[in-house]
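In: following is a predicted model, sequence given first.
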Amino acid sequence: MDTPKVIYQDSEILVLDKPSGWITNDASTTTNQPVVQAWLRENFDYELIGDREARDGIVHRLDKETSGILLVAKTKQAFEELQRQFKNREVEKSYIALLHGRVEPDEGKIVAPIGRLPWRRDRFGILPGGRESESEYKVVRYYDDYSLVEFFPKTGRTHQIRIHAKHMGHPIVGDSFYAGRKTAREDRKWAPRLFLQAAGIKFRHPGSGKKIEFHLDLSQDLQNVLKSI
């Protein structure tokens with residue numbers, strides 16, 4: 001299995017490319033599974049290493065099967081400043097996903113309340129009284145009966161992109177939670193995992209205050225999926 005790759009680092013931050021299959025944070029249920037937080041403790045030594053409350057500096061999280069950019073703070077000051085930027089929606093993120101069907105119009109906005117499903121506590125959905133969520137999207141390319149879409153989430157709810165894609169009537173390829181069991185099972189015959197990547201991030205450096213941004217090419221396994229269709 002691939003290991004996380006360092007895209008950038010300095011005295012205050014680490015920017016990682018998290019592979020699919022890696023859990024972001026330690027938990028009692030992560031036994032014998034690769035975890036980014038544990039990998040950081042094994043491979044780095046900075047101020048927040050060993051600080052469980054600050055998750056060893058991990059500022060946000062990605063789902064296990066989602067690959068892409070993960071931001072880590074090395075110092076308490078950097079951690080608090082980056083958390084502030086996330087809370088105030090000053091961080092700009094983009095995701096790439098392959099969706100079922102032809103998404104039309106080819107750009108738009110989804111605004112809907114997201115909450116935990118009372119009848120299935122490990123899943124989330126569009127619920128009255130849920131927390132506000134907002135994503136903008138733009139179709140990158142159509143592939144027969146699929147659409148490669150770039151999402152720009154304005155909020156950071158759990159499973160937000162996946163739920164918004166389903167809400168549009170175009171679930172993400174390989175999404176075992178939200179595409180439906182039968183659809184996901186068929187998807188897995190030609191797409192090895194959830195087709196979702198955190199592709200870009202833009203924020204102010206916690207030290208200099210200057211805006212910096214990072215972008216990733218689509219991971220090789222997802223490129224291979226596109227070639228297959």
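Out: Nice, I can see it.

In: which helices and strands does the helix or strand bottoming out on mean pLDDT in the chain pack with?
Out: Within the chain, no helix or strand scores below strand 120-126, which has a mean of 86 by mean pLDDT, DSSP states H and E. Under the contact definition 3 or more Cβ pairs under 8 Å, 6 or more residues apart in numbering; DSSP states H and E, strand 120-126 sits against strand 107-117, helix 160-167. For the C-beta atoms, the positions are set from N, CA and C on the backbone; glycine is no exception.

In: report the buried residues of stretch 173-188.
Out: For stretch 173-188, a neighbour-count test (16 or more other Cβ atoms under 10 Å) marks Val173, Gly174, Asp175, Phe177, Tyr178, Ala179, Thr183, Ala184, Asp187 as buried.

In: and that stretch, how far apart are its ends?
Out: With Cα to Cα, to the nearest Å as the measure, the ends of stretch 173-188 fall 8 Å from one another.

In: all strands for the protein, in order.
Out: With DSSP state E as the criterion, the chain has strands at 5-9, 13-18, 67-73, 92-100, 107-117, 120-126, 131-143, 146-153, 196-204, 211-215.

In: pick the most buried one from the ones you listed.
Out: Neighbour counts (mean count of other Cβ atoms under 10 Å) averaged over each of these peak at strand 67-73, with a mean of 25.

In: that strand - what's its average pLDDT?
Out: For strand 67-73, mean pLDDT is 98.

In: so how far is Ile201 from Tyr95?
Out: Noted for Tyr95: a distance of 10 Å to Ile201, by Cβ to Cβ, to the nearest Å.

In: Pro19 too?
Out: For Pro19, the distance to Ile201 - Cβ to Cβ - is 17 Å.

In: again with Ser228
Out: 28 Å.

In: how far away is the spatially most central residue of the chain from Thr24?
Out: For the chain, the residue nearest the mean C-alpha position is Leu62 (4.2 Å; Cα atoms, centre = their mean). Distance of Leu62 to Thr24, computed by Cβ to Cβ: 6 Å.

In: list the residues that contact both of the two?
Out: Shared contacts of Leu62 and Thr24 (Cβ atoms under 8 Å, 6 or more residues apart in numbering): Lys18, Leu70.

In: now do the lengthiest helix in the chain, average pLDDT.
Out: Secondary structure of the chain per DSSP state H: the longest helix is helix 76-87. Averaging pLDDT along helix 76-87 gives 97.
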